[in-house]
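**Q** Here is a sequence with its predicted model. Questions after.
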Amino acid sequence: MIEYIKICRPDHWLKNVFILFGHVVAITLVLDFQIEWRHVSLAILSLIPACLIASANYILNEILDAPFDAMHPTKKHRGIPAGKVKVSILWWIKAGLIVSAFLLAWLFGFNWAYQAALALLLISGIVYNVKPLRLKDRAFMDVIAESFNNPIRLWLGYYALAAPNYVPPISIVLAWWFFGALLMTGKRYSEFRFIADAELSGRYRRSFQVYTEKSLILAMITYANLFCFCTGVAMAVYPRLNDLVFVFPLIVLAVVAYFQHAMKEETARLEPEQLLQNPWVVVTTLATGGLTLWLLWANGGYAKQMHLLGPLVL
């Protein structure tokens, strides 16, 4: 049973923490910081269906990738290539996870926009893994497709709290997408160096037949610049976000820390998922997030006070 649980990758549910970003956007731009207990409960409950769909996608990924994982230095020990599980049982588990996710979304009372985002998360797994598209085999498109899960998670968090008629700003959606693309390209770069064999890496992942260290570094720089540009646009356009300009130095520091760690010689020996566990990356990311939340909260409180004092001043 433990092998079946491993294939569902509950340890990767941590990625759904990106849904919290959608909550923050909705609280800031839609709810105007008027938070009630029902919003807190909906925010927590919104993570459950997303985690179940994520596990369903991981199962599909492991089933279809088993022949390629058998050629990977460490992934060859996973349940399917190592013969520790039955694929037929995995298909049933996948179906159960999908049904449970949408049933819970309905029972929790989430609106159609949240459920559409949930369906999009499921479809993204199919487009990424299943032929004839199978975007994970196409250089650069694999990163764009995989990082698209970031906007989807933003929408899940956003529409868990906001009505469907409220649309999140395109600048914020794109910034979150490019941020995910930066992380995914760093993951590809680390994995490319981890395998350290051009022929073997090309057989393991077809996109690696096209990638080079130089092209991956240039892609990382591009996504970092696009992320910062879209973030700057959002800060300039939306008054509630103007104060976040003070966070920008920390954002740059976090990106630099990620680049520095990803390009170290010893990092090439790490699994890609270990990239984000570097203390400097963790500290700068937490500091950036903490300062962002404080500034948004302080700005929201100030705006609320001005709204209440307005009639008195007049």
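**A** Nice, thanks for sending it over. Numbering: from 1, shown residues only.

**Q** Could you use CA atoms for every contact and neighbour count after this?
**A** Will do.

**Q** How about the contacts made by residue 35?
**A** residue 27 (C-alpha atoms under 8 Å, 6 or more residues apart in numbering).

**Q** go on, residue 31?
**A** Shown in contact with residue 31 (C-alpha under 8 Å, 6+ apart): residue 162.

**Q** Same question for residue 210.
**A** With contact set as C-alpha under 8 Å, 6+ apart, residue 210 has these partners: residue 139.

**Q** Report the separation between it and residue 192.
**A** Distance of residue 210 to residue 192, given as C-alpha to C-alpha, to the nearest Å: 11 Å.

**Q** got the domain boundaries for this structure?
**A** What automatic domain parsing lists as the domains of the chain is 1-166, 169-314.

**Q** how about TSV for those, with mean pLDDT added?
**A** TSV is the format used below for the domains of the chain (pLDDT from 0 to 100):
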stretch	mean pLDDT
domain 1-166	90
domain 169-314	77
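
**Q** Tell me where this protein has helices.
**A** Counting by DSSP state H, the chain has helices at residues 2-8, 19-29, 37-45, 47-69, 87-107, 112-129, 141-147, 149-161, 170-195, 198-204, 213-237, 248-262, 279-313.

**Q** Compare the ones you listed and give me the one nearest residue 75.
**A** Closest approach to residue 75 among the helices of the chain is made by helix 47-69 (5.2 Å; C-alpha to C-alpha).

**Q** The closest one: how far from the chain's middle?
**A** When distances are taken as C-alpha atoms, centre = their mean, to the nearest Å, helix 47-69 is centred 15 Å away from the chain's centroid.

**Q** just to revisit the earlier point, tell me which of the helices of the chain is the most buried.
**A** Burial of the helices of the chain is given as mean neighbour count (mean count of other C-alpha atoms under 10 Å); helix 149-161 ranks first at a mean of 28.

**Q** Identify the residues contacting it?
**A** Helix 149-161 has contacts (C-alpha under 8 Å, 6+ apart) with 16, 18-27, 39, 42-43, 46, 50, 110-111, 113-114, 117-118, 120-121, 124, 168, 173-174, 176-177, 180.

**Q** Stretch 54-64 now?
**A** 7-10, 13, 80, 87, 90-91, 93-95, 97-98, 121-122, 125-126, 129-130.

**Q** now what about stretch 175-187, what contacts it?
**A** Under the criterion C-alpha under 8 Å, 6+ apart, residues 143-144, 146-151, 154, 216, 219-221, 223-224, 226-231, 259, 262, 272-273, 275 lie in contact with stretch 175-187.

**Q** repeat that with 7 Å
**A** For stretch 175-187, contacts defined as C-alpha atoms under 7 Å, 6 or more residues apart in numbering pick out 143-144, 147-148, 150-151, 216, 220, 223-224, 226-227, 230-231, 262, 272.

**Q** And for stretch 79-90?
**A** With C-alpha under 7 Å, 6+ apart as the test, stretch 79-90 has contacts from 3, 4, 59, 63, 66, 67, 69, 70, 76.

**Q** tell me the contacts of the first one?
**A** Residue 3 makes contact with 79, 84, 85, according to C-alpha under 7 Å, 6+ apart.

**Q** The closest residue to residue 141 other than its chain neighbours: neighbouring residues, count only.
**A** In space, and not counting its chain neighbours, residue 141 is closest to residue 135: 6.0 Å by C-alpha to C-alpha, 6 or more residues apart in numbering. By the measure other C-alpha atoms under 10 Å, the count of residues near residue 135 is 23.

**Q** picking that back up, how about TSV for the contacts of stretch 79-90, with distance to residue 105 added?
**A** As requested, the contacts of stretch 79-90 are exported to TSV (distance: C-alpha to C-alpha, whole Å):
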residue	distance to residue 105
3	27
4	24
59	21
63	26
66	31
67	34
69	33
70	36
76	35
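
**Q** which one of the residues you listed is nearest residue 298?
**A** Taking C-alpha to C-alpha as the measure, residue 298 sits nearest to residue 59 out of the contacts of stretch 79-90, at 42.8 Å.

**Q** Quick check: residue 77 vs residue 117, distance?
**A** For residue 77 relative to residue 117 (C-alpha to C-alpha), the value is 33 Å.

**Q** Sorry, wrong one. I was asking about residue 79.
**A** Residue 79 is 30 Å from residue 117, by C-alpha to C-alpha.

**Q** same deal with residue 24?
**A** Distance from residue 24 to residue 117, counting by C-alpha to C-alpha: 17 Å.

**Q** same deal with residue 254?
**A** Separation of residue 254 from residue 117 (C-alpha to C-alpha) stands at 29 Å.

**Q** Then residue 234?
**A** Using C-alpha to C-alpha, residue 234 is found at 22 Å from residue 117.
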